[in-house]
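A.B. asks: for reference, the sequence and a predicted model appear below.
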Amino acid sequence: AAGVIQSPRHLIKEKRETATLKCYPIPRHDTVYWYQQGPGQDPQFLISFYEKMQSDKGSIPDRFSAQQFSDYHSELNMSSLELGDSALYFCASSSRTPGDTQYFGPGTRLTVL
Amino acid sequence: AQSVAQPEDQVNVAEGNPLTVKCTYSVSGNPYLFWYVQYPNRGLQFLLKYITGDNLVKGSYGFEAEFNKSQTSFHLKKPSALVSDSALYFCAVRRGGYQKVTFGIGTKLQVIP
């Protein structure tokens, strides 16, 4: 079965640079979520989109922005990168039915030097 | 607000023995509860969920979990542990009608041959 696709899988950036992470949800899923998982930490919810509109917002820094496109893929844009942004970034997708499960992608490992 | 507590950082169990990974939650309204497993450098894999109905939920790989409303718990169980079950297990809660999922800090399960 098709899964959530994330690209790139690994990304190395310098401080103050920008990064763009991409997420392609499972076909027919209309909701996308972004999570950040620091080393040894639990995943922290950043933001979610339903039908291209922001549906919920968590602990996303102002330096980050995200959007969902007409084909339901989503991009997380990160600017003025800091060392503390080094983490695994997961995308998840679901259909918007009550209690529907969020299925996670493999993650993008971002390293900021 | 919603939160999840996983009181054990690590659980050690001998292969073939039953295992339990504990989880308690706090959420207003009806809880949607999930268990995910994470292998090293991998994404989160969905194991099982409780939305409504039977308090005992069966999931992937022989895992099951019991929802206990009075104790606000959702402990993960398996009758006979395998070495391949060794991984990091996350309990998660979502409030009915909302998209944001809150994860516990994770419990490392070590199955000893």
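C.D. replies: Alright, I've got the coordinates. Numbers count the residues shown, from 1 in each chain, chains lettered A, B, ... in the order given.

A.B. asks: quick one: buried residues of the helix or strand of chain A with the lowest mean pLDDT?
C.D. replies: One helix or strand of chain A scores below all others by mean pLDDT, DSSP states H and E: strand A:53-57, with a mean of 90. The neighbour-count check on strand A:53-57 (16 or more other Cβ atoms under 10 Å in any protein chain shown) flags A:55-56 as buried. The way it works is simple: take the backbone N, C-alpha and C, and place the C-beta from them, glycine included.

A.B. asks: again, but for stretch A:61-71
C.D. replies: A:64, A:66, A:68.

A.B. asks: residue B:89 versus the nearest residue to the last one once chain neighbours are set aside, what's the distance?
C.D. replies: Nearest residue to residue A:68, sequence neighbours excluded (Cβ to Cβ, 6 or more residues apart in numbering or on different chains): residue A:49, at 3.7 Å. Shown here: residue A:49 relative to residue B:89, a distance of 28 Å by Cβ to Cβ, to the nearest Å.

A.B. asks: returning to what we had before: direction included, what does the least confident helix or strand of chain A pair against?
C.D. replies: Strand A:53-57 pairs in its sheet with strand A:44-50 (antiparallel), by DSSP bridges.

A.B. asks: quick one: contacts of the strand it pairs with?
C.D. replies: A:30-38, A:54-60, A:64, A:66-68, A:74, A:76, A:96, B:99-103 (Cβ atoms under 8 Å, 6 or more residues apart in numbering or on different chains).

A.B. asks: tell me what the helix or strand bottoming out on mean pLDDT in chain B is packed against?
C.D. replies: Every helix and strand in chain B was compared by mean pLDDT, DSSP H and E; the lowest is strand B:101-103, with a mean of 90. When contacts are defined as 3 or more Cβ pairs under 8 Å, 6 or more residues apart in numbering or on different chains; DSSP states H and E, strand B:101-103 packs onto strand A:44-50, strand B:2-5, strand B:87-95.
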